[in-house]
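# no sequence on this one, just coordinates:
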């Protein structure tokens, strides 16, 4: 069972030299760290996740007696850079030297190098789209699905043409009899025979296609890439203050990410738990690291015994380095790199 630890906000911090604690900037980010549901309104903030165990190993190697987990609480997630060069969010905690390092992996990004330094890369990831997996449901219009609308239109046009031809031939030869359904004359018999042969072929194909649909039904995905998502008008959540959100804003015209930049249903979010719950309900799609999506797939399948999410086939930036960060010029950075190189077996969760 993973440990549960209390989380402080900046206004709850004491002087840096008052203890030997290792101060870590944290943010909820699956599967590394996530909030523990509060039991009461006044309950303290608590977090859990595999990074808690990693931070304990780092604190022990750094000869620290305790760990303080600090959350910015400003709603900007990993941080947004302002025009004056200042940062808020998790990056802001490092820039203002309120914490000594991050307690959760963040993406290596050029703009953050102004205020932080990155340790050795822990692992690489990619960004991907995820949405609720469609389920098979009864379809009252399923009897017309074996053929496309174009084919149904052609069949209707052929029927009209055949009946018009039969009437024209009968009228021209003046051989209409009392029994109108009995074909008379060679031309009428030829047209009737061709129509009956065509009807046999069409009905055979219809029965075959309908049987195939019943035996092996096909699930139609709402989208499989960014272009299809934009055409679907499904709301898309992107993490506030993330590297991906900045890459979308700085994307060039003609690129896939630029299509999201101009997408009116794009939503910047700072509550991963709520976004994940809404994604499972089909209210929105999500665009995040593939590892976070795989964690969601694992947890939902373990709880419900069925796969409720699907991933788009298109991957973006397949080499997204994830690492820990320290304030600019911090002496702890070299120590972290040495600990990581020397203790890969202990840090096996991300090695």
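Thanks, I have the structure now. Since this is a predicted model, take the numbers as computed values, not measurements. Residues are numbered from 1 along each chain as shown.
# Domain ranges for the chain, per the record?
4-107+114-120+324-342, 131-135+220-320, 142-215 (automatic domain parsing).
# right, and the helix or strand after the lengthiest helix in the chain?
If you go by DSSP state H, the chain has its longest helix at helix 186-215. Next helix or strand after helix 186-215 toward the C-terminus (DSSP states H and E): helix 226-232.
# pLDDT of stretch 333-347, averaged?
Stretch 333-347 shows a mean pLDDT of 76.
# same thing with stretch 31-44?
80.
# Could you list the buried residues of that stretch?
For stretch 31-44, a neighbour-count test (16 or more other CB atoms under 10 Å) marks 31-36 as buried. Where you see a C-beta, it was placed from the backbone N, CA and C, and this is true even at glycine.
# I'd guessed residue 225 sits against residue 313; true?
Yes - under the criterion of CB atoms under 8 Å, residue 225 makes contact with residue 313 at 6.6 Å.
# tell me which helix or strand of the protein sits lowest on mean pLDDT?
When each helix and strand of the chain is scored by mean pLDDT, DSSP states H and E, strand 316-323 comes last, with a mean of 73.
# and the spatially most central residue of the chain, what does it touch?
For the chain, residue 130 is the residue whose C-alpha lies nearest the centre (CA atoms, centre = their mean; 2.6 Å). Residue 130 makes contacts with 279, 285-288, 293, 296, 309-312, as judged by CB atoms under 8 Å, 6 or more residues apart in numbering.
# nearest spatial neighbour of it, skipping sequence neighbours?
residue 293 (4.6 Å; CB to CB, 6 or more residues apart in numbering).
# I'd like the distance between the one you found and residue 315.
11 Å (CB to CB, to the nearest Å).
# Quick check: neighbours shared by these two?
residue 128.
# Comparing these two, which shows the higher neighbour count?
Neighbour count, other CB atoms under 10 Å: between residue 293 and residue 315, residue 293 has more, with 23 against 12.
# Flag every buried residue along whichever helix or strand the more buried one is part of.
Assigned by DSSP H and E, residue 293 belongs to helix 290-304. Neighbour-count burial for helix 290-304, with 16+ other CB under 10 Å as criterion, is recorded at 290-297, 300.
# try stretch 198-211
206, 210.
# next one: stretch 308-326
308-312, 314, 316, 320-326.
# again, but for stretch 191-200
Buried, per 16+ other CB under 10 Å, within stretch 191-200: 191-192, 195.
# so where's the stretch 51-200 of the chain shaky on pLDDT?
136-143, 169-188 (pLDDT under 70).
# let's see 90
By pLDDT under 90, the low-scoring segments of the stretch 51-200 of the chain are 54, 57-58, 61, 65, 72-86, 106-114, 119-128, 133-200.
# can you pull out the helices in the chain?
50-61, 89-95, 149-173, 186-215, 226-232, 243-249, 256-261, 272-280, 290-304, 332-342.
# Show me what the mean pLDDT comes to for stretch 250-268.
Computed over stretch 250-268, the mean pLDDT rounds to 86.
# Compute the first-to-last residue distance for that stretch.
Using CA to CA, to the nearest Å, the end-to-end distance of stretch 250-268 comes out at 15 Å.
# Okay, buried residues for it please.
251, 257-261, 263, 266.
# Need the contact partners of it.
By CB under 8 Å, 6+ apart, the list of residues contacting stretch 250-268 reads 225-227, 229-230, 233-240, 245, 247-249, 284, 287, 314, 316.
# Of the residues you listed, just the buried ones, PyMOL syntax please.
Buried residues among the contacts of stretch 250-268 (16+ other CB under 10 Å), as a PyMOL selection:
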select buried, resi 226+229+230+234+235+236+237+238+239+240+245+247+248+284+287+314+316
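# List the contacts of the closest residue to residue 82 other than its chain neighbours.
Leaving out its chain neighbours, the residue that sits closest to residue 82 by CB to CB, 6+ apart is residue 88, at 7.5 Å. By CB under 8 Å, 6+ apart, residue 88 lies in contact with 72, 74, 76, 79-80, 82, 241.
# again, 6 Å this time
74, 76, 79-80 (CB atoms under 6 Å, 6 or more residues apart in numbering).
# What of residue 225?
So residue 225 contacts 312, 314 (CB under 6 Å, 6+ apart).
# That one and residue 231, how far apart?
Distance from residue 225 to residue 231, by CB to CB: 10 Å.
# next one: residue 214
In terms of CB to CB, residue 214 sits 30 Å off from residue 231.
# okay but residue 20 is in contact with residue 67, surely?
No - counting by CB atoms under 6 Å, residue 20 does not reach residue 67; the two are 10.4 Å apart.
# Those two: which has the busier surroundings?
residue 67 (17 against 11).
# Reformat the helices of the chain into TSV and put distance to residue 11 next to each item.
Formatted as TSV, these follow (distance: least, CB to CB, whole Å):
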stretch	distance to residue 11
helix 50-61	22
helix 89-95	12
helix 149-173	63
helix 186-215	62
helix 226-232	40
helix 243-249	27
helix 256-261	36
helix 272-280	24
helix 290-304	30
helix 332-342	24
